[in-house]
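S.K.: Provided below for reference: sequence and predicted model.
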Amino acid sequence: MFENRRDQMETLLKESEEFRKLYNHHQKLEKRVTAAENNTAPMEDLALNQMKREKLRTKDQLARMMDRARAA
């Protein structure tokens, strides 16, 4: 995630508690989605789709935070 902005992401992870919490939440969602898709932690399609949408919203929030930090 954000491979082309790795330095900025690492800086925000160190300096912003809000960014760090949101990033950790995204990572947890990523693990749960992957486990569900690999059938190591099966879940219903509706729940999986909702989790994927939440993961995408979280990623969008992270991107907006990075954009604001770069503009500052």
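M.R.: Received it, and whenever you're ready, just let me know what you need.
S.K.: OK, contacts around the residue nearest the centre of the chain?
M.R.: To find the centre residue of the chain, average its C-alpha atoms and take the closest one (CA atoms, centre = their mean): that gives H26, at 2.8 Å. Remark: with contacts taken as CB atoms under 8 Å, 6 or more residues apart in numbering, H26 is in contact with M1, K55, T58, K59, L62. Where C-beta positions appear, they are placed from N, C-alpha and C, glycine not excepted.
S.K.: OK, contacts around the third one?
M.R.: Same thing as T58. Remark: with contacts taken as CB under 8 Å, 6+ apart, T58 is in contact with L22, H25, H26, L29.
S.K.: The residue lying closest to the second one once chain neighbours are set aside sits in which helix or strand?
M.R.: Read that as H25. Of all residues beyond its chain neighbours, the one nearest H25 is T58 (5.9 Å), with distances taken as CB to CB, 6 or more residues apart in numbering. T58 belongs to helix 45-71 when assigned by DSSP states H and E.
S.K.: chain center to that helix: distance?
M.R.: Computed by CA atoms, centre = their mean, to the nearest Å, the chain-centroid distance of helix 45-71 equals 6 Å.
S.K.: Just the buried subset of the contacts of H26, please.
M.R.: Buried residues within the contacts of H26, counting neighbours by 16 or more other CB atoms under 10 Å: K55, T58, K59, L62.
S.K.: which regions of this protein lie under the pLDDT threshold?
M.R.: In the predicted model of the chain, no residue satisfies pLDDT under 70.
S.K.: Many thanks, we can stop here.
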